[in-house]
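**Q** Would you be able to build a 3D model of this:
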Amino acid sequence: MLVFGRALWSFSTSIVYPFLSLYILALGGTPTEIGLINSLGLIAGMILYPVGGYVGDRMGRVRLVGFATYAYAISNLLFVFAINWQALAVAQFLHQLLLFYMPAMNALESDSLPPGVRGRGFATIMAIPNSIRIIAPYVGGWIIAVYGGGDAGMIRAIRICWGFSFLTGLLVATTRLKYLSETLIKEEAGGRPSLRGLPEIVKEAYASIFESMKWMNRPLWGIVIVEAVSSLFVAMSAPLWIVYATQVMGITAYDWGIMLLISGLVSVTLAYPLGSLVDKFGPRRMILLALGLAPPITFLYIHSKDFLAVTTILCLIGVVNGILMPAFSTIIADMIPRKRRARLYSLLGERGVTYSFGNFWGGGFLLFPAAALGAFVGGHVYEMNPTYPWIILSIATFASLVLAVRYIKEPEDVQT
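**A** Residues are numbered from 1 along each chain as shown. From the prediction side, this is the model:
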């Protein structure tokens, strides 16, 4: 049911999120405002993430995930009724603020996968939603084309897509509450959260940040270092890929949707084989391989001039992410005991480094500041020179590789 919910939800959001930057431009924004809006979303995500992790570990995962999904779904309506980029900034802030249940959601997934098969398990969990949503960006691009493109057509099309996402979210929230099973055993879980006890919960949640940071060992801190550096520079370019494609390369939103469809097919096809390689060769080796492949691929994007070249780059990035996500998910889950997973995931995420060419999510409390700074600076850097974000990203990715060689280690004792 976890996978079903992710698949249904990601399909609806993948219709609209690849075109969020174009929606901002259509409502009067500039690349600078694109960076600002994405930065505000990342800052908002940081605020309640520790609360989600704390409640998920102390009071159970399922009820938090279900009820928070309802609130998150309703926040989609803010995008439907936005009349300018300032309204979108408010919408993005509140939307990402309500995503605080993700640490508990990620803990549910990790709890369900035994050691030894986590690479394949995480790859499968990612592949099934991806296989369903791969057509979603094409659908979004097609709807935009149907409404004639241009700013007016873009606005009408995106509002329809966000309305669909709102309805889908309500369905996902209902199924999560009804069908998900709690993985936290009764001896580890406390009572149910209440509005009366909310101030105390928030106080304890933030206090638990320092306790969790103190508990973290050197290998986990090594992962945080690599993630933070990567988040800073990935966030700088993430929302601008489609802007560069449309403004510099002359690619349409419809073409972009086709490219994402093709790259999605490649990612889904290779997901399980790449996850199996993580289990066979170990997550650390696969992380180093992927980080070694990423710098030239990201650099070549700004030298791609046609449909085929850009599609090839997006497919190669999909392969890199297909290695990184199960590898990081495996090594992080192997290091963290079940009773601490939600809290630790709230700090460092569970999927490590990913190279986004759309909406970028920071992943954890310790990563949000770097990602927010990167997103904010990215728009300004783009307006200085549109190629700079990718030149900087390729150099920074090489630095991430050097840091990973130095700091990322596999655990001696694998947690269940």
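
**Q** immediately after the helix or strand harbouring residue 142, which helix or strand?
**A** Per DSSP states H and E, residue 142 falls inside helix 136-146. As assigned by DSSP H and E, the chain's next helix or strand after helix 136-146 is helix 150-179.

**Q** Show me what the helix holding residue 142 is in contact with.
**A** 10-16, 18-19, 153-154, 157-158, 160-161, 252-258, 260-261, 264 (Cβ atoms under 8 Å, 6 or more residues apart in numbering). Backbone N, C-alpha and C define where each C-beta goes, glycine included.

**Q** Over to stretch 43-54?
**A** Residues contacting stretch 43-54 (Cβ under 8 Å, 6+ apart): 64, 68, 92-104, 201-202, 204-206, 208-209, 342-347, 361-362, 364-365, 368-369, 372.

**Q** before we move on, the earlier item: next, the angle from the helix holding residue 142 to helix 150-179.
**A** 140 degrees (axes from the mean of the first three to the mean of the last three Cα atoms, to 10 degrees).

**Q** And the residue at minimal distance from the centre of the chain, how close does it get to residue 308?
**A** Note on the chain: the residue nearest the mean C-alpha position is residue 361, at 4.0 Å, using Cα atoms, centre = their mean. Noted for residue 361: a distance of 29 Å to residue 308, by Cβ to Cβ, to the nearest Å.

**Q** follow-up on the earlier one: and what about the residue nearest to the centre of the chain, helix, strand or coil?
**A** Judged by DSSP: H, G, I helix; E, B strand; the rest coil, the three-state class of residue 361 is coil.

**Q** ok, back up a step: pull out the buried residues from the contacts of stretch 43-54.
**A** Neighbour counting with 16 or more other Cβ atoms under 10 Å marks 64, 68, 92-104, 201, 204-205, 208-209, 342-347, 361-362, 364-365, 368-369, 372 as buried within the contacts of stretch 43-54.

**Q** Next SSE downstream of the helix or strand hosting residue 310?
**A** Per DSSP H and E: residue 310 is located in helix 307-335. Sequence-wise, the next helix or strand downstream of helix 307-335 (DSSP H and E) is helix 341-348.

**Q** roughly how far is that next one from the heart of the chain?
**A** 15 Å (Cα atoms, centre = their mean, to the nearest Å).

**Q** Show the average pLDDT along it.
**A** Averaged across helix 341-348, the pLDDT comes to 76.

**Q** can you list contacts of that helix?
**A** Taking Cβ under 8 Å, 6+ apart as the rule, helix 341-348 contacts 49-50, 52-57, 61, 102-104, 106-107, 110-111, 208-209, 212-213, 216, 220, 223-224, 227, 332-333, 336, 363-367.

**Q** Type out the ChimeraX command that picks the buried ones from those residues.
**A** The buried residues among the contacts of helix 341-348 can be selected in ChimeraX (16+ other Cβ under 10 Å) with this line:
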select :49,50,52,53,54,55,56,57,61,102,103,104,106,107,110,111,208,209,212,213,216,220,223,224,227,332,333,336,363,364,365,366,367
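
**Q** Among the contacts of helix 341-348, which ones are in helices?
**A** 49-50, 52-57, 102-104, 106-107, 110-111, 208-209, 212-213, 220, 223-224, 227, 332-333 (DSSP state H).

**Q** Fine by me, thanks again.
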